[in-house]
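>>> With the input below, show me the fold.
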Amino acid sequence: MVSVPAVVIAAPASGSGKTTLATGLIGALRRAGHRVAPFKVGPDYIDPGYHGLAAGRPGRNLDPVLVGAERVPALYRHGSRGCDLAVVEGVMGLFDGRIDESAGPIAEGSTAQVAGVLGAPVVLVVDARGHSQSLAALLHGFATYDSGVRLGGVILNRVGSERHEQVLRSACERVGLPVLGALPRLAELELPSRHLGLIPAVEHGAPARAAVAAMTDLVAAHVDLAAVAALAGAAVAGEAWDPAAALREAVDALGPPTSAGRPGGGPPRTAEPGGSARTPTGGAGLAAWSPAAAEHARPVVAVAGGAAFTFGYAEHRELLDAAGGRVEVFDPLHDPLPPGTAALVVPGGFPEEHAERLAANTPLLDEVAALAAAGLPVHAECAGLLYLARSLDGHRMAGVIDADAEFGPRLTLGYRDAVALADSPLWRAGQRVRGHEFHRTRLLRTGAPVRAWGWRGSDGGPVTEGAITHAVHASYLHTHPAGDPAAIARFTAAATAFAATRIDA
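From the prediction side, this is the model:
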């Protein structure tokens, strides 16, 4: 099976201009007649929004940490279906990834790892400011650091003058690397940012579209598109990822469910850090889910969207749909819940930037609180956790979680190897999950909830986080549903069960 060829856009370090170059390259190649599949390495939600504007199709993530390196080829095939070229934007520096002193030269989750998995060449974007002849030594190091990474060319970014460009081109020639483009310094192309990086394209609206168009023009004028397309390649084995097949395989792997709805026997339990256990407060097990039952039920799964809740993976909605959910997107800034809502997903985003308007939609806040108390399955990640709190920066929120939230003094960032501390509509107590934290808010005046997750901190000490109440799972931890499709099957089964109780009532 022939793979869609790809180029991986990497850099020596963060801040080199990867997103500008990758977004402009996607747009320029599309303008030249290519059907371009856009990808981003890692858990980033923001860059894919700009990629999607440039490509005219959803930007997707390739994250070996969250989904497992073995799933990356299938997800790549799925996301590149119908395309003739793919552009993969890397994360941080080429060899930067999850920090693990025991790992080899290729860090888990790094751009280099993904390039190796795909068998795709790397184009290195170099911020030319401050560089001269010594650029040759830097490029030599990147080109020879690991033989499994193929450096196919260089794009010089933020070049100061024609003379500067000549010097840098000569440096590249000394180490045998072709220069595929040289972009001048243009301050007007700097995208607006805030505490977690760029402002999402959905929030930025018309200025984001204008910026993407400008990036496309810049790359089209200064990059050899034919040379980039000729360089592209990939060697990806296996079939494309399929959400329905992924659900079936995940559920089958857990074994036959018991009468209690949990594979492996025994009643469902809610385990707390201290070791006690109790009957869970909500959630249906996998006994309630099957492809046939899912297709028949089609419960409404409301997914919060709009400017305040922009974080999400395309595969999440695809899995919800394949699991039998009827996905309805609504905007909490002004919409009510969709009619017949049987489950609620509140993803990440920037509610702190829209707290006043969120607080003004009191009918929705009241409805969410009432339905949560009645057992509505709710999956809230990061921004969703804040929305379910009592307040956010002094503004009233839904009050489902016994806590107040505020903008904090420092950024919390990193992958987590987490353990579910309680049964919920998504995970069983004791289940291990990989997730990612990325926030600059904190919870205050919390009550004594059943915690959602536990993990070891950087100092080796225990950390507990999130909350489970009724059928609500709320946490700062972002997960990738393609890494654990069974959680989506379980969540949809809970939605089906809740819908049935509403009909009976």
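>>> Run through the helices of the stretch 151-300 of the chain in chain order.
Using DSSP state H, counting those that start in this stretch, the helices of the stretch 151-300 of the chain run over residues 162-174, 201-204, 206-222, 225-231, 243-253, 291-297.
>>> Alpha carbons of stretch 83-103, as CSV, please.
In CSV, the C-alpha atoms belonging to stretch 83-103 read as follows (Å, rounded to 0.1, in the frame of the first residue of the first chain):
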residue,chain,number,x,y,z
CYS,A,83,-4.5,13.6,-0.1
ASP,A,84,-1.4,13.6,-2.3
LEU,A,85,1.0,15.3,0.2
ALA,A,86,1.3,15.8,4.0
VAL,A,87,3.0,18.5,6.0
VAL,A,88,3.9,17.5,9.6
GLU,A,89,4.9,20.4,11.9
GLY,A,90,7.2,19.3,14.7
VAL,A,91,7.3,20.2,18.3
MET,A,92,10.1,22.3,20.0
GLY,A,93,13.5,21.3,18.8
LEU,A,94,14.0,18.3,16.5
PHE,A,95,15.2,15.9,19.2
ASP,A,96,13.2,17.4,22.1
GLY,A,97,10.5,15.2,23.6
ARG,A,98,9.5,13.7,26.9
ILE,A,99,12.3,14.1,29.4
ASP,A,100,13.6,10.7,30.5
GLU,A,101,17.2,10.3,31.5
SER,A,102,17.1,6.5,30.8
ALA,A,103,15.9,7.0,27.2
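>>> Please point out which parts of it sit buried.
83, 85-98 (16 or more other Cβ atoms under 10 Å). C-beta: built from backbone N, CA, C; applies to glycine.
>>> Please apply the same query to stretch 340-350.
By neighbour count on 16+ other Cβ under 10 Å, the buried set for stretch 340-350 is 341-350.
>>> Which of the three states applies to the closest residue to Leu85 other than its chain neighbours?
Distances taken as Cβ to Cβ, 6 or more residues apart in numbering put His34 closest to Leu85, at 4.7 Å, once the chain neighbours are dropped. Three-state assignment for His34 (DSSP: H, G, I helix; E, B strand; the rest coil): coil.
>>> now His34: how far from Ala487?
Relative to Ala487, His34 is positioned 36 Å away (Cβ to Cβ, to the nearest Å).
>>> Let me see the contact set for the nearest residue to Ala355 once chain neighbours are set aside.
Nearest in space to Ala355, with sequence neighbours left out and distances taken as Cβ to Cβ, 6+ apart, is His395 at 4.1 Å. Applying Cβ atoms under 8 Å, 6 or more residues apart in numbering to His395 gives the contacts 355-356, 358-359.
>>> Just flag the most distant two among the residues you listed.
Greatest spacing in the contacts of His395, by Cβ to Cβ: Glu356 and Leu358 (7.3 Å).
>>> Comparing these two, which residue is more hemmed in?
Neighbour tally, Glu356 and Leu358, criterion other Cβ atoms under 10 Å: the higher count belongs to Leu358, 28 against 11.
>>> Isn't that one up against Tyr387?
Yes. Judged on Cβ atoms under 8 Å, Leu358 makes contact with Tyr387 at a distance of 6.8 Å.
>>> Pull up the overlap in contacts between these two.
332, 351, 397.
>>> So which of the residues you listed is the closest to Gly160?
Closest to Gly160, out of all of the shared contacts of Leu358 and Tyr387 and judged by Cβ to Cβ, is Pro351, at 41.1 Å.
>>> on that earlier part again, look up the pLDDT of the residue nearest to Ala355 for me, please.
Per-residue confidence (pLDDT) for His395: 97.
>>> Quick check: phi and psi on it?
phi -100, psi 140 (degrees, to the nearest 10).
>>> repeat for the one 3 residues further on
Comment: the main-chain dihedrals of Ala398 come out as phi -70, psi -30, following degrees, to the nearest 10.
>>> any idea how far it is from Thr469?
For Ala398 relative to Thr469 (Cβ to Cβ), the value is 12 Å.
>>> cool, Arg490 as well?
Counting by Cβ to Cβ, the gap from Arg490 to Thr469 is 17 Å.
>>> Show me which of those two is the more surrounded one.
The residue with more neighbours, out of Arg490 and Thr469, is Arg490; 31 against 22, by other Cβ under 10 Å.
>>> Mind telling me what element the more buried one is part of?
helix 485-504 (DSSP states H and E).
>>> can you pull the pLDDT of the closest residue to Ala74 other than its chain neighbours?
Nearest residue to Ala74, sequence neighbours excluded (Cβ to Cβ, 6+ apart): Trp241, at 3.8 Å. On the pLDDT scale, Trp241 is placed at 98.
>>> What is the neighbour count of Trp241?
Count around Trp241 with other Cβ under 10 Å applied: 22.
>>> Start and end of stretch 373-390, how far apart?
14 Å (Cα to Cα, to the nearest Å).
>>> C-terminal to the helix or strand containing Leu358, what's the next element?
In this assignment (DSSP H and E), Leu358 forms part of helix 355-360. As assigned by DSSP H and E, the chain's next helix or strand after helix 355-360 is helix 362-373.
>>> For that following helix, which outside residues touch it?
Counting by Cβ under 8 Å, 6+ apart, 332, 335-337, 341, 344, 358-359, 378, 388, 396-400, 469-472 sit against helix 362-373.
>>> Then stretch 59-66?
So stretch 59-66 is in contact with 37-44, 47-52, 72, 75-76, 79, 88, 97-98, 108-109, 113-114, 117, 313-315, 415, 434-436, 479-480, 483, going by Cβ under 8 Å, 6+ apart.
>>> returning to what we had before: looking at the contacts of His395, which is nearest Glu328?
Leu358 (18.8 Å).
>>> okay, that closest one: pLDDT?
Note on Leu358: pLDDT of 97.
>>> And the contacts of helix 362-373, which of them are buried?
With neighbours counted by 16+ other Cβ under 10 Å, those contain buried members at 332, 335, 337, 341, 344, 358-359, 378, 388, 397-400, 469-472.
>>> What about these, which are in helices?
Among the buried ones among the contacts of helix 362-373, the members found in helices (DSSP state H) are 358-359, 388.
>>> What's the first helix or strand after the lengthiest strand in the chain?
Using DSSP state E to define each element, the chain has its longest strand at strand 404-420. Per DSSP H and E, the first helix or strand lying C-terminal to strand 404-420 is strand 432-444.
>>> That following strand to strand 404-420, inter-axis angle?
Orientation note: strand 432-444 sits at an angle of 160 degrees relative to strand 404-420 (axes from the mean of the first three to the mean of the last three Cα atoms, to 10 degrees).
>>> What pairs with whatever helix or strand comes next after strand 432-444, parallel or antiparallel?
Scanning forward in sequence from strand 432-444 by DSSP H and E, the next helix or strand is strand 453-456. Strand pairing for strand 453-456, determined by DSSP bridges: strand 404-420 (antiparallel), strand 462-465 (antiparallel).
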